[in-house]
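Peer 1: fold the following, please.
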Amino acid sequence: MVLPGGWTVEAPIPRHPRATGGCFSCCYYVRAKDGTKAFLKALDYSPAIGNPNAADILKFLSSAYVYERDVAQKCGRMDRVVRALDYGQIQVGPDLSELVPEAS
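Peer 2: Residues are numbered from 1 along each chain as shown. The predicted structure is shown next:
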């Protein structure tokens, strides 16, 4: 899959069985047109679907995304911090219930 910013999604990154973070995301290896390799963190909004507290869940997930994005942008000039190369959104299916492939 090629993303709007030109990044090609190459492969899912396997989740460690004892991982404690990233409960609402999937991670992938991506490559830019110039060959640059990078890490992609994709948020999964599907926990909100059909949930009676959907608005609260969407607010929580969106706030977490905006916070991470803003921190990464502010730390962009530091050399010992993860650097944000791009950000955006993509819908992988006709509705939010379409699942993003996860690593096995």
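
Peer 1: ok, Tyr87 touching Glu68?
Peer 2: No. With contact defined as CB atoms under 8 Å, Tyr87 and Glu68 do not form a contacting pair (9.2 Å). Heads up, the C-betas are built off the backbone N, CA and C, glycines and all.

Peer 1: for these two, indicate the residue with more neighbours.
Peer 2: Glu68 (16 against 13; other CB atoms under 10 Å).

Peer 1: how close does the more buried one get to Asn53?
Peer 2: 22 Å (CB to CB, to the nearest Å).

Peer 1: host element of the closest residue to Ala84 other than its chain neighbours?
Peer 2: Nearest residue to Ala84, sequence neighbours excluded (CB to CB, 6 or more residues apart in numbering): Ala72, at 3.5 Å. Using DSSP states H and E, Ala72 falls within helix 54-74.

Peer 1: can you give me phi and psi for the spatially most central residue of the chain?
Peer 2: For the chain, Ala42 is the residue whose C-alpha lies nearest the centre (CA atoms, centre = their mean; 1.8 Å). Ala42 adopts backbone torsions of phi -110, psi 120, taken as degrees, to the nearest 10.

Peer 1: can you count the residues close to the residue nearest to Ala84?
Peer 2: 15.

Peer 1: re earlier: surely the residue nearest to the centre of the chain and Cys27 touch.
Peer 2: Yes. Assessed by CB under 8 Å, Ala42 is found in contact with Cys27 at 7.4 Å.

Peer 1: so, low pLDDT: which residues of this protein?
Peer 2: 20-23, 93-104 (pLDDT under 70).

Peer 1: how close does Lys59 sit to Pro17?
Peer 2: Distance from Lys59 to Pro17, by CB to CB: 30 Å.
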